Each structure stands twice: as structure tokens, then as C-alpha cells.
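Engineer: sequence first, predicted coordinates after that:
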Amino acid sequence: MLIARLIAEKASLESQLDAAIAALEGEGMAVAMARLLEGDGDVVQISLPVGDPARLRALLDAHFSPSDMLVTDHEPRVPQLFVSDMDSTMIGQECIDELADYAGLKDKIADITERAMQGELDFESALRERVGLLEGLSEGAISQCLAERIRPVEGARTLVATLRAQGCRTVLVTGGFHHFADPVAEMLGFERVVGNRLDVSGGTLTGGLVGAITDSSVKQKVLEEEAAGLGAGIASLATGDGANDIPMLEVATYGVAYRAKPKARAAANGSIDFGDLTSVLKLLGIPESDWAS
């Protein structure tokens, strides 16, 4: 069984749904049912007895892009674990790029960040290169950057608060830095933070890092260990946007790519390209009447 849940422009849904169903059936994916979810009038659920998930997503993209989508082999349910990336997922910025602006290096560092998130560069090497360029920057620039630049994306607070109210454990895991992630986690309501630590001496950045690197393998490991601690058969949710998030998105029950780079989007079984992060709640079937603020 395949189940696709879809959110898109109402006009697009009305005009393209029949054509999308015909295209699916033309490729041997017979649609058993297509209906609006009760209580969520903008979510369409399409059920198929058999089919290729990647091809299903591609056909739905062709008819409804931009859209929000989740494709699973079962009726989605509320997860017991939520693990999320931070930069460009829970917040709208890349912290290291914004911090680099205080050193007059934003364009140079942002270019490296973009290439790393696209999967073109080794993550650890790119991270160490960027941090090295910040040597000598005052630690006070971090507090200034947090106050002036760092903002949650639309729906982030509601997503975390609602999942916690539903009994879900929440973990923020980032290839960025605890200097930023700790206050962001407190602001949004995450229970645990995993990230990298900038080395600071005498109130200035040394250009180095302290301890092991939080990379894609660590993100995956955090999700797997947290899931194991909650018991067999639990459902997990992961959100992210870049290549560093791919292993985590792939092993989660629901891996949702948020306005993501192409490689990350292709690796996930869900994507948010149309609405905000509250679309995740809709795709999971949590009615708006149960959302927490």
C-alpha cells in the first residue's frame, strides 16, 4: 500500500487532481481512493494498493508543484520522536553565514556553506575552513547576531509545541554551534541539543572547534539512539534541508525536507515547498484543533 498526502493551491487541486490520477493509472498505479482528510479540508489523501514511491512523488510534483507532500506505506500517525536540523529548517538563517557578516566575510563563507549543503564539499572540511576564517572575531558578535539576525521560521514553535503536547520527544541536532543552538532550542521548546562547539579564548574565537564534529553520521546516530531508547516500533520524524541531513531523513519513519536542496529533497519521503512547518502537522493528520501554541 502507498498513501500520499498532499497540500497545494486549491485551484491546482481542483483542476489537476483528475489529470494526476489518470497519469498514475497510466503508469500502472491504480488509485484506490482520493479524498479530503476530515477536519483538514486542504489535505488530499491518495491511496494506492501498489506503486513506486519515487515515481508517485514525481508525478504529483509534475501536477501540483509547489506543494507539501508525504508518501508512506501506511496511514501516518503521530511520531514519538522528532529530530530536526536547525539552520534553514527551524530558523530561517545559516548562523555561520550571518556571523561571518560581522567579520566582513559573509559572501565568502556563504558560498562555502551553499556548496556544502548541496553535497558538493566534504562537510567537516568545509566547516573547519569556515570556522578558521572567523579567527579573532569577538564572542560578543554571537550574542549580537542572535539578537539581530536569528529568527524561527513560520510554524516552528507550533510544530514543536504540538508534538510535545502529543507526547513526542524533541531533539535539535545541528552541524552548527551550541552558541546558537542552545538559545534557539530554548526558544522553540526542544528538549535536547546536539551540535558543534566553537573554541573561544579571551573573549574571541580562535578559529577552531572543541570536541568531535556533529556531521551527517552523528545526526543519523542521534535519531537511531533516541528511537531505540523509546522502544521498538516507534514512529520517528526528521526535518532538514541539506546534504548533511540526508542519512537522518532516510532512516526516519517520516523524513520531511523543508524547502530543501535537491539531494535532500530526493532522499526524503516528505517535503514542504508550499506552506510553513505547520504543514507537517497536517500531513501527519493532527487536526488544527489539537495544535499547541
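Structural biologist: All right, it came through fine.

Engineer: for the protein, which helix is longest?
Structural biologist: With secondary structure taken from DSSP state H, the chain has its longest helix at helix 10-26.

Engineer: going by neighbour count, list what's buried in that helix.
Structural biologist: Ser12, Leu13, Gln16, Leu17, Ala20, Ile21, Leu24 (16 or more other Cβ atoms under 10 Å). Glycine gets a C-beta too; all of them are placed from N, C-alpha and C.

Engineer: report the distance from it to the chain centre.
Structural biologist: Taking Cα atoms, centre = their mean, to the nearest Å, the mean C-alpha location of helix 10-26 is offset from the chain mean by 27 Å.

Engineer: which helices and strands does the next helix-or-strand element following that helix pack with?
Structural biologist: Going down the chain from helix 10-26, the next helix or strand is strand 33-37, by DSSP states H and E. For strand 33-37, the packing partners by 3 or more Cβ pairs under 8 Å, 6 or more residues apart in numbering; DSSP states H and E come out as strand 40-48.

Engineer: residues contacting Ser65?
Structural biologist: When contacts are counted by Cβ atoms under 8 Å, 6 or more residues apart in numbering, Ser65 touches Asp273.

Engineer: give me phi/psi at it?
Structural biologist: phi -60, psi 140 (degrees, to the nearest 10).

Engineer: for Pro183, same thing?
Structural biologist: Backbone torsions of Pro183, given as degrees, to the nearest 10, read phi -70, psi -30.

Engineer: any idea how far Ala147 is from it?
Structural biologist: Relative to Ala147, Pro183 is positioned 10 Å away (Cβ to Cβ, to the nearest Å).

Engineer: next: Gly140.
Structural biologist: Using Cβ to Cβ, one gets 11 Å for the distance from Gly140 to Ala147.

Engineer: ok, now which ones touch the closest residue to Gly203 other than its chain neighbours?
Structural biologist: Sequence neighbours aside, Glu139 is the residue nearest to Gly203 in space, at 5.1 Å (criterion: Cβ to Cβ, 6 or more residues apart in numbering). Residues near Glu139 by Cβ under 8 Å, 6+ apart: His179, Val200, Gly203, Thr204, Leu205.
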